[in-house]
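*Asks:* sequence first, predicted coordinates after that:
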Amino acid sequence: FGSSNQTKICLEILNKGELQVGAKERQHQNDQILRDIATIVAEKCINPLTQKSITVGMVERAMKEIHYSVKPGKSTKTQA
């Protein structure tokens, strides 16, 4: 770090460092993004046989069946 001053070192780490996200937190974020994408898709789709809207649960289930992978860097609208 080029210094022995702990305060200066801590400030440099906070300014230039990256935040590490735990596995549970990452999983929660991915689940939330998946739910948001499913909501957007469900709002725009109807069942052609019954003319009723498709539920968010149906979309989520279908996304999990096809092993849809969430891209955390992209917006939910773009992924939907």
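*Replies:* In hand now; what should we look at?
*Asks:* and the longest helix for this protein?
*Replies:* Of all segments of type helix in the chain, defined using DSSP state H, the longest is helix 23-44.
*Asks:* could you list the buried residues of that helix?
*Replies:* Within helix 23-44, the residues that count as buried by 16 or more other C-beta atoms under 10 Å are 33, 34, 36, 37, 38, 40, 41, 42. Every residue, glycine included, has its C-beta placed from N, CA and C.
*Asks:* just stretch 53-66 next, same as before
*Replies:* Of the residues in stretch 53-66, those buried (16+ other C-beta under 10 Å) are 54, 56, 59, 60, 63.
*Asks:* who touches it?
*Replies:* For stretch 53-66, contacts defined as C-beta atoms under 8 Å, 6 or more residues apart in numbering pick out 34, 35, 37, 38, 39, 41, 42, 43, 45, 46, 47.
*Asks:* just to revisit the earlier point, I'd like the average pLDDT over the longest helix of the chain.
*Replies:* Helix 23-44 comes out with an average pLDDT of 91.
*Asks:* and stretch 58-76, by the same measure?
*Replies:* The model assigns stretch 58-76 a mean pLDDT of 89.
*Asks:* next one: that stretch to chain centre, how far?
*Replies:* From the chain centre to the centre of stretch 58-76 is a distance of 9 Å (C-alpha atoms, centre = their mean, to the nearest Å).
*Asks:* kindly report the same for stretch 23-32.
*Replies:* Averaging C-alpha positions (C-alpha atoms, centre = their mean) puts stretch 23-32 7 Å from its chain's average.
*Asks:* how about stretch 20-29?
*Replies:* With C-alpha atoms, centre = their mean, you get 10 Å for stretch 20-29.
*Asks:* dump that stretch to CSV, keeping only the CA atoms.
*Replies:* What follows is stretch 20-29, C-alpha atoms only, in CSV (Å, rounded to 0.1, in the frame of the first residue of the first chain):
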residue,chain,number,x,y,z
GLN,A,20,-17.8,-9.6,-2.0
VAL,A,21,-21.3,-10.9,-2.0
GLY,A,22,-22.1,-14.1,-0.1
ALA,A,23,-23.7,-17.2,-1.7
LYS,A,24,-27.1,-16.7,0.1
GLU,A,25,-27.2,-13.0,-0.8
ARG,A,26,-26.3,-13.8,-4.5
GLN,A,27,-29.0,-16.5,-4.6
HIS,A,28,-31.6,-14.1,-3.1
GLN,A,29,-30.7,-11.5,-5.7
